[in-house]
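K.L.:
structure of the sequence below:
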Amino acid sequence: MSSPLVLLKTAVFTVLVPGTVAGAIPRALARYDRESPTLGSRGARIVGTVSLVAGTLLYLHTAFRFSSEGNGTPAPSDEPDDLVTGGIYRYTRNPMYVGVLLVIVGQAVRYRSLHVLWWGLVCWLGFHRRVVDYEEPHLLEKHGDAYEAYRDRVPRWLPIGRPPAGY
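P.N.:
Next up, the predicted model:
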């Protein structure tokens, strides 16, 4: 079970980092954007709402997994001690980033903003570079064979065309 301190640190990080990346920045970008008529249909609003809610729930699930399974937080300076491989991490190695991107896409549709959609693309490219250049080598160094086996079983982003990893 997660300690109250770990949960508090997770909450603070969530408000400061994902809250800024997926909330405050899209809101600011949308303020200076003309509304896109293509994102204003009823269908688009439904897709945007589903994306926003799914991304939020996915992020919360992953943050809880970090604290309960890994005894850490999403903050890079307070990462989990143990390799987190349960829950949604059985299907994708980076669901936290996927959740944040779903929130940004939901915001883009909610605000009918192409600028926010472009922000989502920039974020994905940044997340991808961080994962490839820093996180994967770091996790391999920290967890060795366990991470290598996990990496071989579970896709980096989306579980398309691969069965879930069995444990």
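
K.L.:
report the contact partners of the residue nearest to Pro95 when sequence neighbours are not counted.
P.N.:
Spatial nearest neighbour of Pro95, excluding adjacent residues (C-beta to C-beta, 6 or more residues apart in numbering): Ile88 at 4.6 Å. In short, each C-beta sits where N, CA and C put it, glycine included. Taking C-beta atoms under 8 Å, 6 or more residues apart in numbering, we find Ile88 in contact with 58, 61-62, 65, 95.

K.L.:
show me what the helix or strand where Leu102 lies is packed up against.
P.N.:
Using DSSP states H and E, Leu102 maps to helix 95-110. If you count contacts as 3 or more C-beta pairs under 8 Å, 6 or more residues apart in numbering; DSSP states H and E, helix 95-110 packs onto helix 25-31, helix 42-68, helix 114-130.

K.L.:
between those helices, which one is nearest to Trp157?
P.N.:
Between Trp157 and the helices and strands packed on helix 95-110, the shortest separation by C-beta to C-beta is 8.2 Å, and it involves helix 114-130.

K.L.:
on that earlier part again, for the helices and strands packed on helix 95-110, give me a markdown table that also has distance to Pro155.
P.N.:
Converted to a markdown table, the helices and strands packed on helix 95-110 look like this (distance: least, C-beta to C-beta, whole Å):
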| stretch | distance to Pro155 |
| --- | --- |
| helix 25-31 | 27 |
| helix 42-68 | 15 |
| helix 114-130 | 13 |
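
K.L.:
any chance of the ones you listed in TSV, plus mean pLDDT?
P.N.:
As requested, the helices and strands packed on helix 95-110 are exported to TSV (pLDDT from 0 to 100):
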stretch	mean pLDDT
helix 25-31	92
helix 42-68	94
helix 114-130	96
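
K.L.:
what's the closest of those helices to Leu7?
P.N.:
Comparing the helices and strands packed on helix 95-110 by C-beta to C-beta, helix 42-68 comes nearest, at 6.0 Å.

K.L.:
run the chain-centre distance for that closest one.
P.N.:
Distance of helix 42-68 from its chain centroid, counting by C-alpha atoms, centre = their mean, to the nearest Å, is 9 Å.
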